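J.: below is the sequence, then the predicted model.
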Amino acid sequence: MATRQGLTAQSFRLAAEGYREAVGGSMSPDSLRRITQGWGRAVDQQREADCERLELPVESPRERLIAPMDPISEQANLSTDGGMVLIRQQGWKEVKLTTISEVKVRPAQERRAEKGKSSRREQDPWVILGKHSYQAGLWEADEMARHQLVEGLRRGLDQSQRLSSVNDGALWIKRITQANFPTAVQIIDWRHASDRLWSVGNAAFGERTPAAKEWVGHQLDSLWDGRVKSVEMALEALSLEGEDQPDELGQGAGYFKNNRKRMQYDLFRQKAYPIGSGTVESGIKTVVHHRMRRPGRGWNRRNGQDMLAALSALHSGRFHQAWNASLPCAN
């Protein structure tokens with residue numbers, strides 16, 4: 001109870017108050033902090049042990065070295081992103097998070113009946129993501145890759161019938177995902193691609209002017225239908241040059257050209273793949289920022305990493321399993 005309160009309340013002071021109200025006993029915020037972070041350290045040590053297990057020179061296939069937890073046999077999605085937290089004496093540092101989700105597909109008419117409003121996807125199959133699991137940490141890209149791989153094997157992504165990976169255009173995410181799960185269909189998040197076009201349109205025609213809206217609308221229609229080359233030609237025709245303009249404007253055509261394969265939205269929609277990375281963006285807010293974005297001087301780096309390990313287990317629905325695994329008798 002104390003540990004769960006320490007992870008869900010927005011401060012250890014509030015957690016101590018919640019604990020007192022729930023059980024009738026008292027615990028100081030400092031005691032509750034030590035218990036919560038101590039358990040998080042045990043979870044983080046287990047995470048590191050799982051990563052090291054994959055690196056041992058053994059004959060068994062690596063997927064057998066990681067115990068499965070809620071494996072996804074049919075369709076799955078993997079998304080990765082980052083969010084910022086304040087670390088003492090270091091400033092704002094990026095927390096990297098990977099989110100793995102089961103994908104379910106329902107007929108388009110069910111979407112229209114339930115949502116009751118029109119959208120670009122109203123004629124497409126209804127793609128629903130659920131049963132999320134998370135891994136978050138203060139890691140560099142290559143360290144994130146190790147934990148992404150372990151969590152992916154734990155969820156059975158190497159054996160899923162269909163696997164997609166929707167992300168923004170960050171090259172490090174593309175690289176580690178390709179290395180860990182080469183069969184995943186990589187997709188650029190639709191909103192990120194859309195935002196790129198709006199940045200160019202606003203710069204070329206004025207912020208949200210009728211001309212900008214018309215130009216962006218045409219490009220979005222082309223992109224939605226998979227005509228990425230048409231978008232590239234439109235960007236090149238604008239000839240956006242100028243010292244005061246953001247680099248992404250001059251590089252717009254190159255961005256779409258380099259990501260052309262990951263922007264085949266007509267094909268992705270036909271095959272009922274997700275085209276949004278909302279699961280990981282939501283995870284940054286709920287798993288990381290809700291608890292870790294606190295006022296004051298921020299987190300000691302070691303304690304912050306312990307909290308992220310514990311929060312990953314909690315929000316993945318593994319609190320009890322992780323708690324039992326951390327007990328002395330389980331080791």
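T.: Everything's here; your move.
J.: now the residue nearest the centre of the chain, what are its backbone angles?
T.: Compute the mean C-alpha point of the chain, and by C-alpha atoms, centre = their mean the closest residue is Val280, 2.5 Å away. Main-chain dihedrals, Val280, degrees, to the nearest 10: phi -80, psi -30.
J.: and the gap between it and Ser194?
T.: 17 Å (C-beta to C-beta, to the nearest Å). Quick note: C-beta positions are derived from backbone N, CA and C, even for glycine.
J.: so where's the chain uncertain?
T.: 57-64, 115-118, 239-250, 327-331 (pLDDT under 70).
J.: about what we covered before: my guess is the residue nearest to the centre of the chain meets Gly82, correct?
T.: No - counting by C-beta atoms under 8 Å, no contact exists between Val280 and Gly82, whose distance comes to 9.3 Å.
J.: what do those two both touch?
T.: Shared contacts of Val280 and Gly82, defined by C-beta atoms under 8 Å, 6 or more residues apart in numbering, are found at Leu97.
J.: per the record, what domains does the protein have?
T.: 2-61+298-330, 75-188+274-280, 191-266 (automatic domain parsing).
J.: stretch 75-82: which residues count as buried?
T.: Using 16 or more other C-beta atoms under 10 Å as the test for burial, stretch 75-82 gives 75-82.
J.: and among the domains of the chain, the most buried is which?
T.: domain 75-188+274-280 (a mean of 19; mean count of other C-beta atoms under 10 Å).
J.: Throw the buried residues of stretch 75-82 into JSON lines and include secondary structure and distance to Met144, thanks.
T.: Below are those laid out as JSON lines (DSSP: H, G, I helix; E, B strand; the rest coil; distance: C-beta to C-beta, whole Å):
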{"residue": "Gln75", "secondary structure": "strand", "distance to Met144": "24"}
{"residue": "Ala76", "secondary structure": "strand", "distance to Met144": "18"}
{"residue": "Asn77", "secondary structure": "strand", "distance to Met144": "17"}
{"residue": "Leu78", "secondary structure": "strand", "distance to Met144": "12"}
{"residue": "Ser79", "secondary structure": "strand", "distance to Met144": "13"}
{"residue": "Thr80", "secondary structure": "strand", "distance to Met144": "7"}
{"residue": "Asp81", "secondary structure": "strand", "distance to Met144": "10"}
{"residue": "Gly82", "secondary structure": "strand", "distance to Met144": "9"}
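J.: can you tell me the element the closest residue to Gly226 other than its chain neighbours falls in?
T.: In this structure, Gly226 finds its nearest non-sequential neighbour in Asp266, 3.3 Å apart by C-beta to C-beta, 6 or more residues apart in numbering. Asp266 is part of helix 265-270 when elements are defined by DSSP states H and E.
J.: and that helix, what does it pack against?
T.: Helix 265-270 makes packing contacts with helix 210-224 when contacts are defined by 3 or more C-beta pairs under 8 Å, 6 or more residues apart in numbering; DSSP states H and E.
J.: quick one: distance of the helix it packs on to the chain centre.
T.: Its chain's C-alpha centre and that of helix 210-224 lie 28 Å apart, by C-alpha atoms, centre = their mean, to the nearest Å.
J.: quick one: contacts of the helix or strand just after that helix?
T.: For helix 210-224, the succeeding helix or strand toward the C-terminus, using DSSP H and E, is helix 228-238. Outside helix 228-238, the residues that touch it by C-beta under 8 Å, 6+ apart are 197, 200, 204, 215, 218-219, 222-223, 252-253, 256-257, 260, 263-264.
J.: can you rerun that using 7 Å?
T.: Residues from elsewhere that reach helix 228-238 (C-beta atoms under 7 Å, 6 or more residues apart in numbering): 200, 204, 219, 222-223, 252-253, 256-257, 260, 263.
J.: report the two members of these separated by the largest distance.
T.: Greatest spatial distance among the contacts of helix 228-238 (C-beta to C-beta): Ala204 and Arg260, at 21.5 Å.
J.: now the strands for the stretch 51-200 of the chain?
T.: 75-87, 91-106, 126-137, 162-167, 185-188 (DSSP state E, counting those that start in this stretch).
J.: take those and write them to CSV, including distance to Arg47.
T.: Shown next, in CSV, are the strands of the stretch 51-200 of the chain (distance: least, C-beta to C-beta, whole Å):
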stretch, distance to Arg47
strand 75-87, 16
strand 91-106, 12
strand 126-137, 7
strand 162-167, 21
strand 185-188, 25
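J.: packing partners for the longest helix along the chain?
T.: Scanning the chain for the longest helix, with DSSP state H as the assignment, gives helix 29-54. Applying 3 or more C-beta pairs under 7 Å, 6 or more residues apart in numbering; DSSP states H and E, we find helix 29-54 packed against helix 2-8, helix 12-23, helix 141-154, helix 301-315, helix 319-326.
J.: would you convert the buried residues of stretch 75-82 into CSV that also reports distance to Lys93?
T.: Shown next, in CSV, are these (distance: C-beta to C-beta, whole Å):
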residue, distance to Lys93
Gln75, 34
Ala76, 29
Asn77, 27
Leu78, 23
Ser79, 21
Thr80, 17
Asp81, 15
Gly82, 10
